[in-house]
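Colleague: Quick check, what structure comes out for this input:
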Amino acid sequence: MTFKVNKMGKLADQLEDRAYEWVLYEIQQTYGVETEDELSVAQLGEIEKYLDSEGEMGEFGAVFIESYCVMALRGIIDRNNEENNMF
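Modeller: Predicted coordinates for the structure are as follows:
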C-alpha cells in the first residue's frame, strides 16, 4: 500500500475558512464592526498598509503575516473594491 493524503482540497478550504474567521475577529475587535461590509475606506487602507508591511522591520523584528491570513485579508479588500468599483 502506498501512502497518500486524501482530500487536501477540503483541508485547504477549512484552513481558509478558519483564517477568515480569525482575521474577521481581529477586524471586529480593532474597528468595532460586525461585518467586513462595515469597514470604511480608511480602515481598508490600514489593513492594506499592514499587508504591505510584511518583511519590514517591526517592534519585534521583521513583520511576518501567515499566508492564510494574507489570503483572507486580501479577499476582504478585493471584495470591498469590487462592490465599490474601486479597482
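Colleague: Quickly find the element holding residue 3.
Modeller: Per DSSP states H and E, residue 3 falls between elements, in no helix or strand.
Colleague: List phi and psi for it.
Modeller: In terms of degrees, to the nearest 10, the main-chain angles of residue 3 are phi -80, psi 140.
Colleague: any idea where the strands of this protein begin and end?
Modeller: 57-58, 61-62 (DSSP state E).
Colleague: Buried deepest among those, which one?
Modeller: strand 57-58 (a mean of 10; mean count of other Cβ atoms under 10 Å). Every residue, glycine included, has its C-beta placed from N, CA and C.
Colleague: quick one: average confidence on that strand?
Modeller: Mean pLDDT, strand 57-58: 82.
Colleague: got it, and stretch 8-21?
Modeller: Mean per-residue pLDDT for stretch 8-21: 95.
Colleague: re earlier: and the strands of the chain: which comes nearest residue 83?
Modeller: Nearest to residue 83, of all the strands of the chain, is strand 57-58, at 31.0 Å by Cβ to Cβ.
Colleague: max-length helix in the protein?
Modeller: With secondary structure taken from DSSP state H, the chain has its longest helix at helix 8-31.
Colleague: what residues are up against residue 63?
Modeller: 53-57 (Cβ atoms under 8 Å, 6 or more residues apart in numbering).
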